[in-house]
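**Q** sequence below, structure please.
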Amino acid sequence: MIGNRIKNRLKGSLRQAALIRYILAGFIAAVGLTVSYRAVTPFESSNAGYLLSAHQRVSDFREATRRAVIKWMEENSHMPQQVLSSVYGAALKSVNPDLVLAICLVESNFNPRAESDKGAVGLMGVVPDVWLDELKEHGIVRAREDLYSISDNIASGGYVLERYIAASGNLREALLRYSGGDSEYAGKVMRAFGKISMARRQDESIPVNSVRN
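**A** I've put the predicted structure just below:
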């Protein structure tokens, strides 16, 4: 009987010891997971913060360049800032915003209601007698009046310019045809293009130097 009691006590002690070891192992594992999580979480938070910071820097850069170009536009046009901001936003949707803005400067001085003695209208000087039917056919405009819309005129002018570039394979030749044969037109546009590109890269005012004359 005494032997059985001793054996039962030993078995109970062993079970208790095994239970204690099991509890300790679980506790250690839990502590390890907690430490690991705390070690990883700061890294993840830091990485997320870096991504947000990088996104903010890109946004800040875009806003800075927008302000710089619109400031240049204001200094070389009598149009109000609201109009110039809309012109800039529409130009950004084109393949080459600075080239579009340069043409807008030379053709209309950023005036959406401009009309030339050659029948060109709007920002980019689109000639409706030549292009209106084709523009309507491609769904770019629905009526002549749409050419006085900032976004529609820039879309129309971009289409016309792309047609001329595709036909000639040369930007200067395309600009010559775009202007109806003005031999000085390409030079005016390219000078304006260079000045707008410079304004995009710095905050200082860059005078137009009579680029339209």
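
**Q** what's the following helix or strand after the helix-or-strand element of the chain with minimal mean pLDDT?
**A** Of all the helices and strands that make up the chain, the one with the lowest confidence by mean pLDDT, DSSP states H and E is helix 2-75; it has a mean of 59. Beyond helix 2-75 in the direction of the C-terminus, DSSP states H and E gives the next helix or strand as helix 81-92.

**Q** list the buried ones in that next one?
**A** Val83, Leu84, Ser86, Val87, Tyr88, Ala90, Ala91 (16 or more other CB atoms under 10 Å). Glycine gets a C-beta too; all of them are placed from N, C-alpha and C.

**Q** and that helix, what does it pack against?
**A** Using 3 or more CB pairs under 8 Å, 6 or more residues apart in numbering; DSSP states H and E as the contact criterion, the neighbours of helix 81-92 among helices and strands are helix 2-75, helix 97-108, helix 150-168.

**Q** contacts for stretch 100-117?
**A** Judged by CB atoms under 8 Å, 6 or more residues apart in numbering, the contacts made with stretch 100-117 from elsewhere in the structure are 69, 73, 76-79, 83-84, 87-88, 91, 94, 120-125, 148-150, 153-154, 157-158, 161, 178, 185, 188-190, 192-193, 196, 208, 211-212.

**Q** for it, measure first residue to last.
**A** Distance across stretch 100-117, first residue to last, is 21 Å (CA to CA, to the nearest Å).

**Q** quick revisit: of the contacts of stretch 100-117, just the buried ones, PyMOL syntax please.
**A** Buried residues within these, as defined by 16+ other CB under 10 Å, are selected in PyMOL through the command that follows:
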select buried, resi 69+73+76+77+79+83+84+87+88+91+94+120+121+122+123+124+125+148+149+150+153+154+157+158+161+178+185+188+189+190+192+193+196+208+211
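
**Q** let me know the average pLDDT across stretch 81-92.
**A** Per-residue pLDDT values across stretch 81-92 average out to 97.

**Q** and the contacts of that stretch?
**A** Outside of stretch 81-92, the residues within contact range by CB under 8 Å, 6+ apart are 66, 69-70, 73-74, 77, 79, 97-98, 100-101, 104, 110, 112, 123, 150-151, 154-155.

**Q** ok, Asp133 to Val127 distance?
**A** Asp133 is 12 Å from Val127, where distance means CB to CB, to the nearest Å.

**Q** which one of the two has more residues nearby?
**A** For Asp133 versus Val127, the count of surrounding residues by other CB atoms under 10 Å is larger for Val127: 16 against 10.

**Q** separation between the more buried one and Arg200?
**A** Between Val127 and Arg200 the distance is 29 Å, computed by CB to CB.

**Q** Val69 too?
**A** Counting by CB to CB, the separation of Val69 from Arg200 is 5 Å.

**Q** and Leu175, by the same measure?
**A** Counting by CB to CB, the separation of Leu175 from Arg200 is 21 Å.

**Q** okay, those two: which has more neighbours?
**A** When Leu175 and Arg200 are compared on other CB under 10 Å, the one with more neighbours turns out to be Leu175, at 24 against 16.

**Q** so the closest residue to the more buried one other than its chain neighbours is in which element?
**A** Nearest non-adjacent residue to Leu175, counting by CB to CB, 6 or more residues apart in numbering: Ala186, 4.1 Å away. Counting by DSSP H and E, the element that carries Ala186 is helix 185-201.
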